[in-house]
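Participant: using only what follows, build the 3D model:
(one chain, ligands or ions: 1)
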Amino acid sequence: MTKTFEELLTAFESNTAKIGVVGLGYVGLPLVTTFFEAGFYTLGFDIDEMKVGKLLNGESYIGHIHSDTIDKAIIGEIFQPTADFSRIREVDAVIICVPTPLKDKDQPDLSYVESTGDLISPYLRKGQLIVLESTTYPGTTNEILKPILEKSGLESGKDIFIAYSPEREDPGNPDFSTKSIPKIIGGDGSIAVKLASSMYNRVVIETIPVSSLEIAEAVKLTENIFRSVNIAMVNELKTIFNGMGLDVWEIISAAKSKPFGYMPFYPGPGLGGHCIPIDPFYLTYRAKQFGQETKFIKLAGDINTNMPNYVINILKKALLDRFQLEIDCASILLIGIAYKKNVDDTRESPAYKLFELLESGGATVEYFDPFVDIIPITREYSQFSGRKSIIWSKQNICEFDATLICTDHDNIDYEALVSYSKLVVDTRNVISSTNNKSNNVIKA
Ligand SMILES: NC(=O)c1ccc[n+]([C@@H]2O[C@H](COP(=O)([O-])OP(=O)(O)OC[C@H]3O[C@@H](n4cnc5c(N)ncnc54)[C@H](O)[C@@H]3O)[C@@H](O)[C@H]2O)c1
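Facilitator: Residues are numbered from 1 along each chain as shown. So this is what the prediction gives:
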């Protein structure tokens with residue numbers, strides 16, 4: 001099984017290499033699919049036995065990955081999910097896609113990366129490529145992961161090859177998939193870059209080598225901080241323009257006609273998902289170690305964090321003005337609990353914050369989400385786990401004093417929603433003015 005660098009390169013170039021993906025979540029499962037669809041024999045590793053069991057039964061647990069795809073790959077024996085990490089020996093490449101969340105006080109939690117290193121290092125062998133894809137701060141691969149992997153007695157650059165290549169997936173975006181997004185590659189030495197590039201070149205449109213692991217790590221943070229800061233700016237503009245009676249969405253729509261120097265970002269009820277609210281703090285943490293401050297990140301975080309309060313204040317005022325109803329006597333239906341449109345992922349969703357603010361203010365709150373029948377167990381809002389979506393019907397919707405649109409899923413009949421609701425607060429600009437005939441929609 002041991003391979004020289006040249007043999008490993010040939011195995012990647014001829015699609016005969018065996019690929020192992022560790023962490024079969026929102027990133028790892030689509031990635032493994034991309035590899036087996038390109039003809040690679042794949043092994044998928046996860047510590048979650050329930051996920052492994054489902055995959056072995058040909059079932060997908062991620063909305064946009066069809067069970068059929070998994071089932072065919074299992075039957076065709078090109079994909080083997082397993083919780084047995086001794087099988088790391090069998091693969092030529094190990095790609096790590098485990099969570100990198102925050103722990104208390106916005107500190108990076110690298111425990112998943114560390115424990116993955118500990119799990120795989122006893123089974124590493126000469127001639128393997130190990131790639132970290134999890135989002136993290138510059139220095140993680142070299143200073144945290146590499147020493148753990150080298151506990152195996154194998155030396156990076158000589159016996160094993162270590163690279164970092166950030167995942168840039170945008171779940172639910174029909175225009176881009178793993179295959180169509182270029183991959184940034186940094187390595188511990190030029191051989192690692194060459195090997196990782198040759199592997200990813202078989203499955204993605206383009207690879208972009210950079211000069212170090214740290215540069216590759218910093219590219220991903222730069223992309224996500226760019227989004228976080230721009231979303232904060234447009235959220236602030238929304239509050240300012242709203243105060244002047246101007247519609248921010250109409251302004252953005254006209255501004256984006258400029259063919260250069262402007263890129264549209266859209267306001268919302270807050271920031272959600274596993275990446276944008278979290279990743280900037282990885283840089284803040286690292287910057288502190290270099291005696292630096294991250295002022296933009298802090299300001300963007302403050303503005304985005306305050307958006308749910310802004311929305312609730314608009315809702316409260318509308319209830320009082322229109323129905324003389326205080327929030328503690330009101331019943332509110334949230335539309336969309338997922339953090340963004342057309343996905344079932346609720347991690348860090350701003351809808352949870354709205355849910356919490358409304359319930360703590362005494363309101364009766366329920367939700368409707370066609371992608372989330374039952375709220376899963378979440379790290380940060382465990383009090384909502386097990387709550388069920390209401391069933392879509394005129395009768396169910398018209399009982400509420402107000403509906404609050406948190407997520408703009410495409411498969412919702414917004415025209416019907418407006419006609420069933422007493423009052424609609426739209427944080428996503430999904431209701432057009434022509435659908436606001438009875439003047440019961442306000443934007444927030
Ligand atoms: N979800 C996205 O849209 C997205 C986009 C780009 C980058 N990322 C980054 O990708 C990484 C993974 O995110 P995700 O959304 O796929 O997370 P996820 O929680 O959906 O999946 C992670 C998986 O890793 C498994 N796992 C945890 N510890 C493990 C271990 N020691 N060994 C093996 N498996 C283990 C979990 O059981 C889970 O199945 C994160 O760093 C994230 O920031 C995510």
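Participant: just give me the residue right at the centre of the protein.
Facilitator: His274 (4.2 Å; C-alpha atoms, centre = their mean).
Participant: ranges for the strands of the stretch 1-150 of the chain?
Facilitator: When assigned using DSSP state E, counting those that start in this stretch, the strands of the stretch 1-150 of the chain occupy the ranges 18-22, 41-45, 79-82, 93-96, 102-103, 107-108, 128-132.
Participant: would you turn the ones you listed into CSV with distance to the ligand?
Facilitator: To be clear about C-beta, it is placed using only N, CA and C from the backbone, and glycine gets the same treatment. Listed next are those as CSV, based on distance: least, C-beta to the nearest ligand atom, whole Å:
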stretch, distance to the ligand
strand 18-22, 5
strand 41-45, 5
strand 79-82, 10
strand 93-96, 8
strand 102-103, 11
strand 107-108, 10
strand 128-132, 9
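Participant: so the closest residue to Gly273 other than its chain neighbours, which state does it fall into?
Facilitator: Closest residue to Gly273 apart from its sequence neighbours, by C-beta to C-beta, 6 or more residues apart in numbering: Tyr339 at 4.5 Å. With DSSP: H, G, I helix; E, B strand; the rest coil as the basis, Tyr339 sits in coil.
Participant: quick one: contacts for Tyr339?
Facilitator: Contact analysis of Tyr339 by C-beta atoms under 8 Å, 6 or more residues apart in numbering lists 272-273, 345-351, 407.
Participant: now Leu417
Facilitator: Leu417 neighbours (C-beta under 8 Å, 6+ apart): 335, 397, 403, 405, 424.
Participant: pretty sure it sits in a helix.
Facilitator: Yes: the assignment for Leu417 is a helix, going by three-state DSSP.
Participant: tell me where the model's unsure across the stretch 51-200 of the chain.
Facilitator: Nowhere does the stretch 51-200 of the chain drop to pLDDT under 70.
Participant: do I have it right that Glu214 meets Asn142?
Facilitator: Yes: Glu214 sits in contact with Asn142 when judged by C-beta atoms under 8 Å, with a separation of 7.0 Å.
Participant: in stretch 106-126, what's buried?
Facilitator: 106, 108-110, 112-113, 116-117, 119-121, 123-125 (16 or more other C-beta atoms under 10 Å).
Participant: among those, which are in helices?
Facilitator: Assigned to helices by DSSP state H, the following of the buried residues of stretch 106-126 qualify: 112-113, 116-117, 119-120.
Participant: off-centre distance for stretch 316-331?
Facilitator: 35 Å (C-alpha atoms, centre = their mean, to the nearest Å).
Participant: mind listing what's buried in that stretch?
Facilitator: 316, 318-319, 325, 327, 330.
Participant: need the contact list for the residue nearest to Leu221 when sequence neighbours are not counted.
Facilitator: The shortest distance from Leu221 to any non-neighbouring residue, by C-beta to C-beta, 6+ apart, is to Leu283 (4.9 Å). Leu283 is in contact with 137, 221, 225, 294, 297, counting by C-beta under 8 Å, 6+ apart.
Participant: likewise Glu37?
Facilitator: Going by C-beta under 8 Å, 6+ apart, Glu37 touches Thr69.
Participant: still on that earlier bit, okay, now the residue nearest to the residue nearest to the centre of the chain when sequence neighbours are not counted: neighbour count?
Facilitator: Ranked by C-beta to C-beta, 6+ apart and with sequence neighbours excluded, the top spatial neighbour of His274 is Arg347, at 4.7 Å. By other C-beta atoms under 10 Å, 21 other residues sit near Arg347.
Participant: next one: phi and psi at Arg347?
Facilitator: Torsion angles at Arg347 (phi, psi; degrees, to the nearest 10) stand at phi -60, psi 130.
Participant: ditto for the one 10 residues further on
Facilitator: Phi and psi for Leu357, reported as degrees, to the nearest 10, are phi -60, psi -40.
Participant: let me know the pLDDT of it.
Facilitator: On pLDDT, Leu357 comes in at 97.
Participant: circling back to that earlier point, which among the ones in helices among the buried residues of stretch 106-126 are in contact with the ligand?
Facilitator: Here is what survives when those are matched to the ligand using C-beta under 6 Å from any ligand atom: 112, 116, 119.
Participant: and those residues, which is closest to Asn230?
Facilitator: The nearest member of those to Asn230, counting by C-beta to C-beta, is Tyr112 at 28.5 Å.
Participant: which one of the ones in helices among the buried residues of stretch 106-126 is nearest Val430?
Facilitator: Out of those, the member with the shortest distance to Val430 (by C-beta to C-beta) is Tyr112, at 35.7 Å.
Participant: what's around the residue in the chain positioned nearest to the ligand, how many residues?
Facilitator: Per C-beta to the nearest ligand atom, the residue of the chain with the smallest distance to the ligand is Gly25, at 1.7 Å. Per other C-beta under 10 Å, the neighbour tally for Gly25 reads 18.
Participant: in helices, which of the contacts of Tyr339 fall?
Facilitator: Under the assignment DSSP H, the contacts of Tyr339 contribute 350-351 to helices.
Participant: of the contacts of Tyr339, which count as buried by neighbour count?
Facilitator: Looks like the contacts of Tyr339 have 272-273, 345-351, 407 buried, using 16+ other C-beta under 10 Å.
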